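**Student:** Give me coordinates for this.
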Amino acid sequence: VQLDRFERRGIIQPKLSDFVSNSEVMQMFISDVQQVAPSDSILLIMGETGVGKEHLAKAIHAESSRAGGPFVALNTAALPEQLLESELFGHEKGAFTGATRSRRGAFEQAHGGTIFLDEIGEMPLHLQTKLLRVLQDYEVRPVGGDRPIWVDVRVIAATNRELEEEIIQGNFRRDLYYRLSV
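**Tutor:** Numbers count the residues shown, from 1 in each chain. Have a look, this model is predicted:
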């Protein structure tokens, strides 16, 4: 039975049963997660650094109808702003200096599966606008591309920031927050 939890690279696939606790609050939380895991709804996971947000996202993916598809994780705070757009949406050959070939972005790579956007609260405002468009239309436009590409993905985002406070400070879009916090 344990062998079923290994993925191709030999890494154990997370399961919701990994989150065991005697805490009544945690048990209620996992009960809620079990209800939303099978759906395709967008999820926003909020919590302090190190609490296992990505592990939870992987477990949700593994217990969803998208489990057979890819799980693509992207830390939006770990990349320079100039590179983040290309990493998210891809780019066409010649779109910018150094773009010697076309490249699929994380959304296209996650087609049929789940994309996990970690540290979403760190995303620059102009890319928040583009992400909002993707969440509305499920189409991405690669940098330098002239045609949108339809993607079938489930979006799970995570942050350790208080996004409502970030909205007040003008660092995070209110409409994106509402779209993410389904």
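**Student:** all strands for this protein, in order.
**Tutor:** Using DSSP state E, the strands assigned to the chain run over residues 43-46, 71-75, 114-118, 139-140, 149-150, 154-159.
**Student:** Quick one, which of these gets closest to Leu131.
**Tutor:** Minimum separation from Leu131 across the strands of the chain (Cβ to Cβ) falls at strand 114-118, 7.8 Å. C-beta here means a position set from N, CA and C on the backbone, and glycine is covered the same way.
**Student:** quick check, distance from that closest one to the centre of its chain.
**Tutor:** How far strand 114-118 lies from its chain's middle: 2 Å, per Cα atoms, centre = their mean, to the nearest Å.
**Student:** Show the end-to-end separation of stretch 158-175, please.
**Tutor:** End-to-end distance for stretch 158-175, by Cα to Cα, to the nearest Å: 16 Å.
**Student:** what's the average pLDDT for it?
**Tutor:** On average, the pLDDT along stretch 158-175 is 96.
**Student:** Would you indicate which residues of that stretch are buried?
**Tutor:** 158-160, 163, 166-167, 171-173 (16 or more other Cβ atoms under 10 Å).
**Student:** Now render the strands of the chain as TSV, adding distance to Arg104.
**Tutor:** Output for these, formatted as TSV (distance: least, Cβ to Cβ, whole Å):
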stretch	distance to Arg104
strand 43-46	23
strand 71-75	10
strand 114-118	12
strand 139-140	9
strand 149-150	9
strand 154-159	17
